[in-house]
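[1] show me the folded form of this:
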Amino acid sequence: MPNTPTFVLVHGAFANSFSFAPLQAELALRGHRSLAIDLPGHGFAATFPAAYQAPQDLDALATTPGGIKGVTLAENAAHLVGVLERVKRNGPAIVVAHSRGGITATAAGNARPDLIDRLVYVSAWCPVDLDVNDYYAEPEMAGVDAAGLARALAGDPAALGLIRTNFRTADPEALAAFRQAFAADLTDDEFRTFLNTFQPDENLDAGSSADRAQAATWGRIPRSYVRLADDVSMPPAMQDRLIREADALTPGNPFDVHTVPGGHLRWLVHPEPAADVLAGLAAG
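    So this is what the prediction gives:
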C-alpha cells in the first residue's frame with residue numbers, strides 16, 4: 001500500500017531499538033507499520049564490557065575501550081538517511097525521535113528533507129538558537145540533577161572518547177537519581193527492567209551550530225511535538241522553549257503540539273496515549 005506511512009523510530013542516549021517494542025506493538029494493533037532503528041554503536045553493535053557484568057570490576061570498566069568511540073552526529077544522521085531512502089520506496093516516512101534522538105532527526109532533516117513526510121519530536125532535542133550542550137546551562141534545565149546522574153559515570157569521557165554510565169550500579173543514590181530523572185512514575189520492576197535495556201556507552205558528539213534546525217531545509221518539513229507533561233530530565237519549560245524557537249524560525253510552518261502525561265520513559269512502557277497521537281498523525 002504505497003500511501004501507508006511507516007513510522008521510523010529514533011532512540012535517545014544509551015538506548016536502542018529494543019525500547020520501542022511496546023510502542024510498536026500498540027501501533028501494529030492500530031494497523032500501522034513501524035521500524036525502530038539502532039544508531040551506529042547501539043543495539044547489537046554496542047560494547048558491553050565483561051567488567052560490566054556481576055561481580056563488576058569498576059577499575060576495568062573505567063578503562064575498557066568501547067566501539068562507539070569516535071562515532072559522530074554526521075554518521076548517525078547518515079545512517080538515518082540511508083534507512084529513510086529505503087523506507088520511502090514503500091510510501092511516506094514519519095520520523096519519531098525521542099530525547100537525544102532529536103539531534104539526529106534534526107540533522108537528517110537538514111540534509112534530506114525530501115525523505116521525511118513528518119518529523120515528530122517526543123520530549124526530544126530540537127536545537128535552534130543554541131547548540132544542545134549549551135541548553136543545559138539555561139534556566140529551564142536548572143532543576144535537572146546533573147550531579148546525581150554523574151555518580152554513575154565510569155571512567156573519564158575524554159580518555160575513553162565516549163560517555164560510559166554504569167546502569168548496573170548498586171549505589172542507592174545513583175539509582176535514586178536515575179529514578180527521579182527518568183522513571184518516577186514507573187513501578188520498581190518497570191524501572192529496573194528499563195534500566196537493563198540501556199547500554200553503558202554513548203557517543204560524545206552532540207553536534208555544533210551547523211547542526212541546528214535550518215529554515216530552508218528542515219523548516220519545510222511538517223512537524224509535531226509531543227510534550228511529556230511530567231518529564232524531569234527534559235522539563236516541560238525546555239520542551240516549550242524549543243517549540244517557541246522553532247516556530248519563530250519558520251512561522252509559516254509551526255509545530256503541531258500534543259501533550260501526554262508521564263515522565264521521560266513512561267510513554268515507552270505504557271505507550272497507549274502516545275500511540276493514539278501517532279495514529280492520528282498518520283491518518284492526516
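
[2] so, low pLDDT: which residues of the chain?
    Along the chain, segments meeting pLDDT under 70 span 1-2.

[3] ranges for the helices of it?
    21-29, 58-61, 73-87, 101-111, 132-135, 146-150, 157-160, 172-182, 188-195, 236-249, 266-269, 272-282 (DSSP state H).

[4] out of those, deepest packed?
    Most buried of the helices of the chain, by mean neighbour count (mean count of other CB atoms under 10 Å): helix 101-111, with a mean of 26. All C-beta spots, glycine's among them, are computed from the backbone N, C-alpha and C.

[5] packing partners of that helix?
    Helices and strands touching helix 101-111, by 3 or more CB pairs under 8 Å, 6 or more residues apart in numbering; DSSP states H and E, are strand 6-10, helix 73-87, strand 93-98, strand 118-122.

[6] of all these, which one comes closest to residue 254?
    Comparing the helices and strands packed on helix 101-111 by their distance to residue 254 (CB to CB), the top pick is strand 118-122, with 12.6 Å.

[7] what residues does the closest one touch?
    Strand 118-122 is contacted from outside by 5, 92, 94-99, 102, 105-106, 109, 218, 221-226, 228, 242, 267, 274, 278, 281, using CB atoms under 8 Å, 6 or more residues apart in numbering.

[8] partners of that strand, with directions?
    Under the criterion DSSP bridges, strand 118-122 sits next to strand 93-98 (parallel), strand 223-228 (parallel) in its sheet.

[9] so the first one versus helix 21-29, what angle?
    Just to be clear, that refers to strand 93-98. 150 degrees (axes from the mean of the first three to the mean of the last three CA atoms, to 10 degrees).

[10] give the contact list for the residue lying closest to residue 128 once chain neighbours are set aside.
    Excluding the flanking residues, the one nearest residue 128 by CB to CB, 6 or more residues apart in numbering is residue 245, at 3.8 Å. Residues near residue 245 by CB under 8 Å, 6+ apart: 126, 128-129.

[11] right, and residue 115 touches residue 82 too?
    No: counting by CB atoms under 8 Å, residue 115 does not reach residue 82; the two are 9.9 Å apart.

[12] re earlier: now the helices of the chain as TSV including distance to residue 9?
    Putting the helices of the chain into TSV (distance: least, CB to CB, whole Å) gives the following:
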stretch	distance to residue 9
helix 21-29	7
helix 58-61	30
helix 73-87	10
helix 101-111	8
helix 132-135	20
helix 146-150	24
helix 157-160	27
helix 172-182	18
helix 188-195	16
helix 236-249	19
helix 266-269	10
helix 272-282	10
